[in-house]
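Enquirer: give me a 3D structure for the following:
(chains A, B, C and D)
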Protein chains: 2
Amino acid sequence: MPAGSGATASTSPRARGESLGVLKFLAQVGADHTPVVVTSREVGAKLGVSQQAADRYLVALEKRGLLVRTLAQRRQRIQLTPAAMDLLRAEYHLYRRIFEGPARVTIEGTVVSGLGEGRYYLSQPGYVVQFSERLGYSPYPGTLNVRVDGAALRTLSVMAGWTGIRIDGFQASGRTFGGASCFAARINGRAGHLIRPDRSHYKDVVEFIASERLRDALHLKDEDPVKVDIEEP
Amino acid sequence: MPAGSGATASTSPRARGESLGVLKFLAQVGADHTPVVVTSREVGAKLGVSQQAADRYLVALEKRGLLVRTLAQRRQRIQLTPAAMDLLRAEYHLYRRIFEGPARVTIEGTVVSGLGEGRYYLSQPGYVVQFSERLGYSPYPGTLNVRVDGAALRTLSVMAGWTGIRIDGFQASGRTFGGASCFAARINGRAGHLIRPDRSHYKDVVEFIASERLRDALHLKDEDPVKVDIEEP
DNA sequence: ATTACTAATCGCCGAGTAA
DNA sequence: TTTACTCGGCGATTAGTAA
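Expert: This is a model prediction of the structure:
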C-alpha cells in the first residue's frame, strides 16, 4: 500500500535541512548577536524558494524556539536564540572534525587533595560495573584531582560540546548516584580518563581515574604540576 | 492561479539540504579519503528517511559528480569526489566564520626582484581603472615580490578558498590580459593588497601592490625579511 | 512595501516488489 | 541480504491575495 510523505513529526526530514539553511543565513548576516532586519523575501531568495515558503520556515523556527521575531509595523527583526547557536555550533564542530580531525586539548594543572569522596563513589558497584564495561578496566577506587587556572579552564571549555563515554546514574542504598561522562586522557603520559560528573560541585578542579593509583604511578604529591592530554572522542 | 512545487531545476530546494546531509554523513564515516561500504538503509536511517529515498539521494549525488559508487555484488562502496569535498569545505568555512570570525594569515618571507613585468601590467589602463574603482586607490606601477618558504606556502594555501576583490581580464593592444584577485594585506604594517593572478607563473613568490612604492616606504632591499598579514575578505 | 492566509497543484515519499 | 524500480497519494510549495 503506497503511503504519502512520512514526515509526520514536527521536524520533517526535509524541513530539517532547510532549517539549517535558514539559521546559517541568518547567522551570516549577523542575527547571531543582534536583531537584524531580514525580509522573508530575502530569505527565500537566498534559499531558492518563494517568499511564502521562507515565511513559513521562519514561523516554524520561531515555534521551535530557534529565533525570535519582533514585528515592528511591516519589517520584522530577527535574532537567533542560544538554542539555534548550539545547533549551528554542533554543525560547525562536525565539519571541523571532518577537515581538522579530532580536537585535542592539552592543559597543565596542579595536584590537589579531594574530599575523599572519590573513593566512596568509585567503590559503588553500580559504577564499577559500568566502568568495566565501558572503559575496559576497573578504576582504582579514588580520583586524582587537578586544579587548573583560568586559562586552562577556558581551554577545557571546548570540551563542553563533546560527548564522552556515558556513565549512567542509578539508585542504591536508598539514595541517588548521579551520572557522569568520561574522556580518554593522558596524565603525564599515563592512560586514564577524565571524569566529568553531570552535577559537579567543583569549578576549577578536574578529576581523573585510571586502573592504577595515579599518585603512586606518577610519584605525585599535592601541588605537583601535571600535564594532561585529552582527545575528542 | 495556484501552482505546484517550483522545484524544477536539477537541484530542488529541498533536495539541496538533504544532499549536504548525505555528504556530511559520508565524510564522517570516512568516505572522504577512502571508499566505504555504506548501505542505502544506513544512510536512510541516519537522515530519518526510507531506504528508497536514501538510494535516490545517492543516485542523484552520483549523477551530480559528487560521489562515485562501485557496486560490487550487492554492497556498494562509496567515495566522495573532490567536488564534494569542496562543497563541504565551503560549508566548513562558512561555519568557521560565524564562530571564529574572519580568518587571518600571517607569514614571513624575503624580498626578491621580479622581472619588471609588474610595472608593465600595472600601467595598463584596463587594470588601472579597475584598481581605482575596486581597491580605492591607484597602485604604484610595480609589484613588491616576496618569496616564501614551504611552511609559509602551506599557510597561504588556506587562501585558496577565499574570494578576493575581483580584477577582470580584458583585451588590449591585440593581446589578452588575465584576471586576478586582490586581498587586503599589511606588509610590515603598511596597507596594500596581495594580488593573485588567475594564471600565475610563480610558485613560491607572492606579489603585493600599494598606493606607494613599498620598497621606498619600508626601506626594503632584496633579501630583506618582511612580515605580511592578510585577513579574509 | 511588507507578513501571511487560502486554494490548487505537482513532486517527493514510502510500500511493494524485482533482480 | 542488497540496489532500485513503479506507483498511489500526501503535503509542501507557489500564485494570488488580504491586511
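Enquirer: next one: phi and psi at the residue lying closest to A:Gly179 once chain neighbours are set aside?
Expert: Among residues not flanking A:Gly179 along the chain, A:Gly169 sits closest, at 3.9 Å (CB to CB, 6 or more residues apart in numbering or on different chains). C-beta coordinates here come from the backbone N, C-alpha and C atoms, glycine included. Here is the backbone geometry of A:Gly169 (degrees, to the nearest 10): phi -70, psi 170.
Enquirer: got a list of what the residue sitting nearest the centre point of chain A touches?
Expert: What sits nearest the mean C-alpha location of chain A, by CA atoms, centre = their mean, is A:Gly161, with 2.4 Å. Shown in contact with A:Gly161 (CB atoms under 8 Å, 6 or more residues apart in numbering or on different chains): A:Arg89, A:Ala90, A:His93.
Enquirer: over to it: give its phi and psi.
Expert: Per degrees, to the nearest 10, the backbone of A:Gly161 is at phi -90, psi 0.
Enquirer: so stretch A:54-66, near chain B or not?
Expert: No. Stretch A:54-66 does not reach chain B (CB under 8 Å from any CB of the partner chain); its nearest approach is 10.1 Å.
Enquirer: shaky segments in chain A?
Expert: Applying pLDDT under 70 to chain A flags residues A:1-17.
Enquirer: let me see the domain layout of it.
Expert: A:6-88, A:102-231 (automatic domain parsing).
Enquirer: leaving out sequence neighbours, find the closest residue to A:Leu23.
Expert: Per CB to CB, 6+ apart, closest to A:Leu23 is A:Ala84, 5.2 Å.
Enquirer: any idea how far A:Leu58 is from that neighbour?
Expert: Distance from A:Ala84 to A:Leu58, counting by CB to CB, to the nearest Å: 12 Å.
Enquirer: which residues are common contacts for those two?
Expert: A:Leu67.
Enquirer: what sits against A:Gln76?
Expert: Counted by CB under 8 Å, 6+ apart, A:Gln76 has contacts A:Val37, A:Val38, A:Thr39, A:Ser40, A:Leu58, A:Arg69, A:Thr70.
Enquirer: give me the subset of those residues lying in strands.
Expert: Of those, the ones assigned to strands by DSSP state E are A:Val37, A:Arg69, A:Thr70.
Enquirer: which of those residues ranks first by neighbour count?
Expert: Ranked by neighbour count (other CB atoms under 10 Å in any protein chain shown), the ones in strands among the contacts of A:Gln76 have A:Arg69 at the top, with 15 neighbours.
Enquirer: from A:Asp55, how far off is the residue nearest to it when sequence neighbours are not counted?
Expert: Distance criterion CB to CB, 6+ apart; nearest residue to A:Arg69, sequence neighbours excluded, is A:Gln76 at 4.8 Å. Relative to A:Asp55, A:Gln76 is positioned 9 Å away (CB to CB).
Enquirer: between those two, what contacts are shared?
Expert: With CB under 8 Å, 6+ apart, A:Gln76 and A:Asp55 have common neighbours A:Ser40.
Enquirer: can you list the neighbours in contact with the longest helix along chain A?
Expert: Counting residues, the longest helix found in chain A (DSSP state H) is helix A:82-100. The list of residues contacting helix A:82-100 from outside it, by CB under 8 Å, 6+ apart, reads A:20, A:23-24, A:26-27, A:32, A:61, A:65-67, A:80, A:103, A:161, A:232, B:24, B:27-28, B:32, B:88-89, B:91-92, B:95-96, B:98-99.
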